[in-house]
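Participant: no sequence on this one, just coordinates:
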């Protein structure tokens with residue numbers, strides 16, 4: 001069966017984050033997924049699209065969060081259409097790779113704004129995802145890379 005992973009935007013494009021992630025670490029992620037024959041779909045960066053490169057993250061409790069949620073819902077529509085098409089072709093969604101501590105893109109924090117909306121919409125479409133993992137923003141990442149190896 002063919003497999004796909006949804007990757008937070010900055011996993012593949014560290015230029016959308018200041019400071020940028022290590023190229024060697026990003027390469028390790030891509031190499032593992034390629035080795036496992038898991039195709040990658042890059043999620044949009046909601047904060048970059050909504051604000052700018054130099055920005056302040058919008059926390060779930062912030063006054064701007066309601067408008068930002070609507071924006072994220074619209075931003076995800078083309079992706080959700082694509083995921084429906086993948087499902088029709090029996091392509092399995094095996095991973096959402098988020099960013100640890102991100103108020104928008106953590107795959108494990110249920111309060112993360114964009115990922116939370118993504119999960120709601122996947123549930124509505126009856127599309128399941130086997131794994132949700134967050135890329136660490138500090139430390140050596142060894143446990144994270146081991147978790148990817150176990151997919």
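Facilitator: Alright, I've got the coordinates. Keep in mind it's a predicted model, so treat the numbers as computed, not measured.

Participant: When you work out contacts or count neighbours from here on, use the C-alpha atoms and nothing else.
Facilitator: OK.

Participant: continuing past the helix or strand that contains residue 34, what's the next helix or strand?
Facilitator: Taking DSSP states H and E as the definition, one finds residue 34 inside helix 23-35. On the C-terminal side of helix 23-35, the nearest following helix or strand under DSSP H and E is strand 38-42.

Participant: For this structure, which segments count as strands?
Facilitator: Along the chain, the segments classed as strands by DSSP state E run 3-7, 38-42, 92-99, 131-135.

Participant: can you redo these as a markdown table with mean neighbour count and distance to residue 66?
Facilitator: What follows is these, written out as a markdown table (neighbours: other C-alpha atoms under 10 Å; distance: least, C-alpha to C-alpha, whole Å):
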| stretch | mean neighbour count | distance to residue 66 |
| --- | --- | --- |
| strand 3-7 | 20 | 24 |
| strand 38-42 | 17 | 24 |
| strand 92-99 | 23 | 21 |
| strand 131-135 | 19 | 24 |
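
Participant: is it possible to export these to TSV including distance to residue 70 and mean pLDDT?
Facilitator: What follows is these, written out as TSV (distance: least, C-alpha to C-alpha, whole Å; pLDDT from 0 to 100):
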stretch	distance to residue 70	mean pLDDT
strand 3-7	21	98
strand 38-42	20	97
strand 92-99	20	97
strand 131-135	23	95
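
Participant: and the lowest-mean-pLDDT helix or strand in the chain, which residues are buried?
Facilitator: Here the helix or strand of the chain ranked lowest by mean pLDDT, DSSP states H and E is helix 46-50, holding a mean of 81. For helix 46-50, a neighbour-count test (16 or more other C-alpha atoms under 10 Å) marks 46-47 as buried.
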